[in-house]
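> heads up, no residue letters with this:
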């Protein structure tokens, strides 16, 4: 299905009947990431999934967006469909949007599920400090011939070593920088609706420590860890994720 929201053509899917579950995907992903979980949920829920602007089948961005732009977009999308979600579900980047939107009372939902959510800045470690210094040194080194001829390859390797998706962001690099530079740790404390946090114990993109920290920041939230699952826990263990969401909805 397609509709126009804020002047952008947006791809979405609306299946099933019952309580409404709205699902937001992660960075460089699309609505299909939830296929297995959504199919299970659709037997007793109305499940709505969106390709966020710049991703999947939705229209590309013509300007660099900030997190607030995505929050405003989701608000406008929900208004277009005339729904208030019973449950908002967000994976990774989608979790960022939900944390900011729900905490600031821009997005309205009865309950929230965050899966391997981004947005809670990692605590500084010696390793990250050293890697950050190396990246700065790399920028200087690559400005000097003959290293300047391999500038892009060297910088790409340094960013990958640090764990940054900057080079993979392509046309969304400006948006990526706007998004990742916003720490939602303080904002998350303002979430007052019931919150279920689902995390894979082997997640190396948003490590489990970040899930634990989010759990501590949001009063009354519940953290459910799925052992040996990674960042895409909803794809690796869809039945378990479905059961957790279904039980949480009661």
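Okay, I see it. Because the structure is a prediction, the values reported are computed rather than measured. Residues are numbered from 1 along each chain as shown.
> Only C-alpha atoms from now on, for both contacts and neighbour counts.
OK.
> Please list the residues outside the top strand by length along the chain that contact it.
Counting by DSSP state E, the longest strand found in the chain is strand 8-15. Residues outside strand 8-15 that contact it (C-alpha atoms under 8 Å, 6 or more residues apart in numbering) are 1-4, 31, 42, 46-53, 56-59.
> Note down every partner strand of it and its orientation.
strand 2-5 (antiparallel), strand 45-50 (antiparallel) (DSSP bridges).
> quick one, which of those strands is packed in tightest?
Highest mean neighbour count of those: strand 45-50, a mean of 22 (counted as mean count of other C-alpha atoms under 10 Å).
> continuing past it, what's the next helix or strand?
Scanning forward in sequence from strand 45-50 by DSSP states H and E, the next helix or strand is helix 67-81.
> Give me the nearest residue to the residue most central in space within the chain, chain neighbours excluded.
For the chain, residue 93 is the residue whose C-alpha lies nearest the centre (C-alpha atoms, centre = their mean; 1.6 Å). Closest residue to residue 93 apart from its sequence neighbours, by C-alpha to C-alpha, 6 or more residues apart in numbering: residue 26 at 4.3 Å.
> Kindly confirm my reading that residue 176 is in a strand.
No. Residue 176: not assigned to a strand; according to DSSP: H, G, I helix; E, B strand; the rest coil it is helix.
> what's the burial count for it?
21 (other C-alpha atoms under 10 Å).
> that older thread, let's verify the residue nearest to residue 93: helix, strand, or coil?
Under three-state DSSP, residue 26 comes out as coil.
> and if you look at residue 214?
From three-state DSSP, the assignment for residue 214 is helix.
> Tell me which residues touch the nearest residue to it once chain neighbours are set aside, please.
Nearest non-adjacent residue to residue 214, counting by C-alpha to C-alpha, 6+ apart: residue 120, 6.8 Å away. Neighbouring residues of residue 120 by C-alpha under 8 Å, 6+ apart: 183, 184, 185, 210, 213, 214.
> Need phi/psi at residue 120.
phi -100, psi 110 (degrees, to the nearest 10).
> Distance of it relative to residue 65?
19 Å (C-alpha to C-alpha, to the nearest Å).
> Next one: the residue nearest to residue 93 from residue 210, what distance?
16 Å.
> Show me which of the two is the more surrounded one.
Between residue 26 and residue 210, counting by other C-alpha under 10 Å, residue 26 is the more crowded of the two (24 against 19).
> re the thing from before, so who does the residue nearest to residue 93 touch?
90, 91, 92, 93, 94, 95.
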